[in-house]
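Asks: Sharing a model prediction with you, sequence too.
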Amino acid sequence: MTSPPPLRVRVLRRRALVDLVRALLGSVLLLATVLVLLAGTARAEEAAPPAEVSEQTYTADEVLEAARGFFGDTTEGLAKAIEKIFAEQGRPNAYIIGEEGSGAFGVGLRYGEGQLHYKGGGGMPVYWQGPSIGWDFGANASKVFTLVYNLRATHQLMQRFPGAEGSFYLIGGVGVNYQKSGTIVLAPIRTGVGLRAGASIGYLHYTPTRSWLPL
């Protein structure tokens, strides 16, 4: 049977253990402090007001030029459709150019992606998805050019925009319908096979990243 270590050895061991515990506690407190500071910074960033969108607006000629370049179409119907939108909604401060695919048999789904452009410069990728209800049969992939009104901050676009019932109209092979949420109005313009998508009543959910859930 071995004898216990001398008192001095036991005291030294106890002190070493206490020092180790203190060092560990200090590290834990330091880590906790850093995490609190990081959380505070994240909350401050989330609470910071989003950058406002320029209030500069596009003229009808600027929109028509961009739309013709996008669709590759110089038909009279495109000019008349844009003229009608400007007469009803005024001058937009942004627009979205993109492509979408949809398919349905009475009730369907629609997915799209594009680029948001501001008159004052800048922009970002944007995605949309949602259900559609109406005389919406078959499937297609098409281009869509969307005028954006009263957008004051980019995050305001990231929400659901119901289609306004009865807002769809067709001019010379160009279809337009309005989507509205609060004061923000979207006016998607479609041609050719894309006309079917605009004639249905539903909503589109715009998001900053791609989503396959049409909610």
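Replies: Cool, got the structure.

Asks: since we're on residue 69, how many residues are nearby?
Replies: 12 (other Cβ atoms under 10 Å). C-beta here means a position set from N, CA and C on the backbone, and glycine is covered the same way.

Asks: same deal with residue 99?
Replies: Around residue 99 there are 13 residues (other Cβ under 10 Å).

Asks: Next: residue 93.
Replies: 20.

Asks: Name the SS class of the residue nearest to it when sequence neighbours are not counted, please.
Replies: Nearest residue to residue 93 in three dimensions, chain neighbours excluded: residue 57, at 4.9 Å (Cβ to Cβ, 6 or more residues apart in numbering). Look at residue 57: counting by DSSP: H, G, I helix; E, B strand; the rest coil, its state is coil.

Asks: Spit out the contact partners of residue 57.
Replies: Going by Cβ atoms under 8 Å, 6 or more residues apart in numbering, residue 57 touches 90-93, 119.

Asks: Please report the distance of it from residue 83.
Replies: 16 Å (Cβ to Cβ, to the nearest Å).

Asks: got the contacts of residue 57 as CSV, with secondary structure and pLDDT columns?
Replies: CSV is the format used below for the contacts of residue 57 (DSSP: H, G, I helix; E, B strand; the rest coil; pLDDT from 0 to 100):
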residue, secondary structure, pLDDT
90, coil, 96
91, coil, 97
92, coil, 97
93, coil, 95
119, coil, 90
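
Asks: For those residues, work out which two are farthest apart.
Replies: Comparing every pair within the contacts of residue 57 by Cβ to Cβ identifies 90 and 119 as the most remote, at 12.9 Å.

Asks: SS state for the spatially closest residue to residue 125 that is not a sequence neighbour?
Replies: Nearest residue to residue 125, sequence neighbours excluded (Cβ to Cβ, 6+ apart): residue 115, at 5.9 Å. Here residue 115 is strand, with the state taken from three-state DSSP.

Asks: Assess the claim that residue 115 and residue 122 are in contact.
Replies: No: using Cβ atoms under 8 Å, residue 115 is not in contact with residue 122, being 10.9 Å away.

Asks: how many other residues sit next to residue 177?
Replies: Going by other Cβ under 10 Å, the residues that sit close to residue 177 add up to 23.

Asks: any idea how far it is from residue 163?
Replies: Distance, residue 177 to residue 163, by Cβ to Cβ: 6 Å.

Asks: so residue 98 makes contact with residue 111?
Replies: No: using Cβ under 8 Å, residue 98 makes no contact with residue 111, being 10.5 Å away.

Asks: Show me what residue 170 is bridged to.
Replies: For residue 170, the beta-bridge partners under DSSP bridges are residue 175.

Asks: Which pLDDT value goes with it?
Replies: Here, the pLDDT recorded for residue 170 equals 76.

Asks: cool, and the one 10 residues further on?
Replies: Each residue has a pLDDT score; the one for residue 180 is 92.

Asks: Which one's more surrounded, residue 90 and residue 119?
Replies: residue 119 (20 against 13).

Asks: List phi and psi for the nearest residue to the more buried one once chain neighbours are set aside.
Replies: Once flanking residues are discounted, residue 119 sits nearest to residue 56: 4.2 Å by Cβ to Cβ, 6+ apart. Backbone geometry at residue 56, expressed as degrees, to the nearest 10, gives phi -60, psi 150.
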